[in-house]
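Enquirer: Give me coordinates for this.
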Amino acid sequence: MHAGFAMLEAGQVRSKNVANQLTKNMLTWSVGVVVFFLIGAGFSGLIGELTGAGSYGSLTQFGAGNFGWVNWLYGAVFAMTMATIVSGAVAGRAKLRAYVTYTFLVAAVIYPVVTGLTWGSGFVASLGFHDFAGGMIVHGVGGIAGLTAAYMLGSRMGRFNEDGSVNVIPGHSMTFAVLGTLILAFGWYGFNVGT
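Expert: Okay, here's the model as predicted:
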């Protein structure tokens, strides 16, 4: 899926931003998964336990004979999918250092709080909230974070003229965008069915 995200986003930006966009996608996965493993998964379990009927056992479930690693990997992929939504929203506008800081925070705190309150049997789950395959948790949180980041960063450079008229900024490669979309569509079958 992240190969699809990388291709889609790289195809949608100007050629001068392709290397930055691809680097952001690589760092989302490499930084985010490590942070989610070291901090986020345990924090999610802690939030679930403190606010509802969750369990502190998020990181102790990695024993032989259980599916703890599989569950963690799905959780990490969901977390990085949420982070990548923001990558697309700030494409061509965010510096790499700021984006890596965001990825760290979202993998360590923001996303784990939401999953602890919902999938981790926390407070929101006790109200009867149900989510299938991240429809609200992944896409809702990612969309809100992306919209917030885009608002804070403002429009892309060169998007508007001094008189307020709009300049169309097409992506540099329709081929990358379409191939990325097809890879994502294929990946979603395993991603959502696997959950």
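Enquirer: which residues sit against stretch 114-121?
Expert: The contact list for stretch 114-121 (Cβ atoms under 8 Å, 6 or more residues apart in numbering) reads 43-49, 51-55, 58, 75, 78-79, 122-125, 129, 131, 137, 141. (Glycine included, C-beta is placed from N, CA and C.)
Enquirer: could I get it in PDB with only the CA atoms?
Expert: Extracted C-alpha coordinates of stretch 114-121, given in PDB (Å, rounded to 0.1, in the frame of the first residue of the first chain):
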ATOM      1  CA  VAL A 114      -7.700   7.500  19.200                       C
ATOM      2  CA  THR A 115      -7.200   3.700  18.800                       C
ATOM      3  CA  GLY A 116      -7.000   3.300  22.600                       C
ATOM      4  CA  LEU A 117     -10.400   5.100  23.000                       C
ATOM      5  CA  THR A 118     -12.000   3.000  20.200                       C
ATOM      6  CA  TRP A 119     -10.400  -0.300  19.100                       C
ATOM      7  CA  GLY A 120      -8.600  -0.600  22.400                       C
ATOM      8  CA  SER A 121     -11.900  -0.900  24.300                       C
END
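Enquirer: Which elements pack onto the strand or helix carrying Val70?
Expert: Element membership of Val70 [criterion: DSSP states H and E] is helix 68-89. Applying 3 or more Cβ pairs under 8 Å, 6 or more residues apart in numbering; DSSP states H and E, one finds that helix 68-89 contacts helix 2-12, helix 18-35, helix 41-51, helix 96-105, helix 111-117, helix 137-153, helix 174-194.
Enquirer: That concludes my questions; thank you for your assistance.
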